[in-house]
Every structure is written in C-alpha cells, then in structure tokens.
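Novice: Using only what follows, build the 3D model:
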Amino acid sequence: MKSNGTHVVTNPNGGWSVKKSGATKSSRNFVTQREAIAYARDKAKKSSGELYIHRTDGRIRERNSYGNDPFPPKG
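Specialist: Reported below is the predicted structural model:
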C-alpha cells in the first residue's frame, strides 16, 4: 500500500519543513509552523492523504485524514 502522507517537521537549519512520507528532502521550507501547516494541509487535501504535524521533539502532535476515511468507524 502506497503511503500518501504529508509531514510538517522541524528543519535542522531553523524553521519548519513540509515533507512527503518517505522523502529525504523537504518539498518546501517555512519560517513558522503555521505557514508550513497551511501549505501542508492544502497538499494533503489535494492528494486525499494524511497530514502529520510534528512537535519540535519529533513526536506527532496532530493527525488529520483527507482521504476516503469511513465514518462512523467500523468495529
């Protein structure tokens, strides 16, 4: 199954980066996390994928799905 995720992560050189799942290079860099989230949310919606927003320590603080997510959940 192909991963279709977009991640907002800290940039080692300062600021925030947006990366696709599995990518080594960022697709775009931003000064603020807010700018990075807005850009990443738009990309995730267009690709019907997942958005992962990371904390400065690398842990995921928020996750949103813009794909075919069944509601209510089964089970």
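
Novice: ok, how many other residues are close to Val31?
Specialist: Counted with other C-beta atoms under 10 Å, the neighbours of Val31 add up to 11. C-beta coordinates here come from the backbone N, C-alpha and C atoms, glycine included.

Novice: ugh, wrong one, Leu51
Specialist: 22.

Novice: Make sure I have this right: Arg34 is in a helix.
Specialist: Yes: the assignment for Arg34 by DSSP: H, G, I helix; E, B strand; the rest coil puts it in a helix.

Novice: how near is it to Ser65?
Specialist: As defined by C-beta to C-beta, to the nearest Å, Arg34 lies at a distance of 21 Å from Ser65.

Novice: Kindly state the beta-bridge partners for Arg28.
Specialist: Per DSSP bridges, the residues bridged to Arg28 are Val18.

Novice: and if you look at Asn64?
Specialist: Leu51.

Novice: Can you get me a residue count around it?
Specialist: By the criterion of other C-beta under 10 Å, Asn64 has 16 neighbours.

Novice: Quick check, it in contact with Arg41.
Specialist: Yes: here Asn64 lies in contact with Arg41, judged by C-beta atoms under 8 Å, at a distance of 7.4 Å.

Novice: joint contacts of the two?
Specialist: Counting by C-beta atoms under 8 Å, 6 or more residues apart in numbering, the contacts common to Asn64 and Arg41 are Leu51.

Novice: Confirm Ile37 sits in a strand?
Specialist: No: using three-state DSSP, the secondary structure at Ile37 is helix, not a strand.

Novice: Give the full set of residues in contact with it.
Specialist: Contacts of Ile37 (C-beta under 8 Å, 6+ apart): 8, 53.
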